[in-house]
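Colleague: no sequence for this one, just the structure:
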């Protein structure tokens, strides 16, 4: 296939991006292993600085490991709630910010800061580009999941150092995100935080010129 795509494809791509939501309400139905493997293959196609492919993915499956991660979230969420004042605190307390208790598939994603792959190209002056590469790969993964009807919820209300200790990962692995994956309980093209009145999406991109 050439690098050009039809107008119909471009419209479907725009729709896919619109329907990519941060899902926090999951059905507990299992995700077929072959389907998950097909979606995870998107990491292999993702760009990375110097072709370093620094992503490291840990599947969190055991009740013990999931329990540690969920306890981590609850503690971090309590601290976040304590940092809110007045009506914001009440509003925050009503938000569902994690699907960790229900999601059938849970992945902890890291960036290997010590990888020799890529031989440092592009990362010598900006080592953080390795982490950016992992984030970009997660975005592709997110879209592929959505195209298959699956949802992803990115949990960021966590203590990274505690999570790394609890999951016993190498010191050089930088925590990027905890991903909850499964079949959405409901579907909506509007982000839940927007529906709940927490924040609204910008109507236009603001860009400055120098």
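Modeller: Nice, I can see it. These numbers were taken from a predicted model, which means no experiment stands behind them.

Colleague: Just read off the phi/psi values of the closest residue in space to residue 184 that isn't next to it in sequence.
Modeller: Nearest residue to residue 184, sequence neighbours excluded (C-beta to C-beta, 6 or more residues apart in numbering): residue 151, at 3.9 Å. (Each C-beta comes from the backbone N, C-alpha and C, glycine too.) Phi and psi for residue 151, reported as degrees, to the nearest 10, are phi -120, psi 160.

Colleague: List the buried residues of the worst-scoring helix or strand of the chain on mean pLDDT.
Modeller: The helix or strand of the chain with the poorest confidence is helix 192-195; it has a mean of 82 (mean pLDDT, DSSP states H and E). Within helix 192-195, the residues that qualify as buried are residue 192, counting by 16 or more other C-beta atoms under 10 Å.

Colleague: got a list of contacts for it?
Modeller: The contact list for helix 192-195, computed with C-beta atoms under 8 Å, 6 or more residues apart in numbering, reads 21-22, 24, 95-96, 188, 199-201.

Colleague: where's the dip in pLDDT among these?
Modeller: Among the contacts of helix 192-195, residue 188 has the lowest pLDDT, at 80.

Colleague: Quick check: that one touching residue 20?
Modeller: No. In this structure, residue 188 is not within contact of residue 20 by C-beta atoms under 8 Å, at 11.7 Å.

Colleague: which of those two has more neighbours?
Modeller: Taking neighbours as other C-beta atoms under 10 Å, residue 188 and residue 20 compare with residue 20 leading, 18 against 12.

Colleague: How far does the strand or helix carrying residue 57 sit from its chain's centre?
Modeller: Following DSSP states H and E, one finds residue 57 within strand 55-59. Taking C-alpha atoms, centre = their mean, to the nearest Å, one finds strand 55-59 lying 12 Å from the centre of the chain it belongs to.
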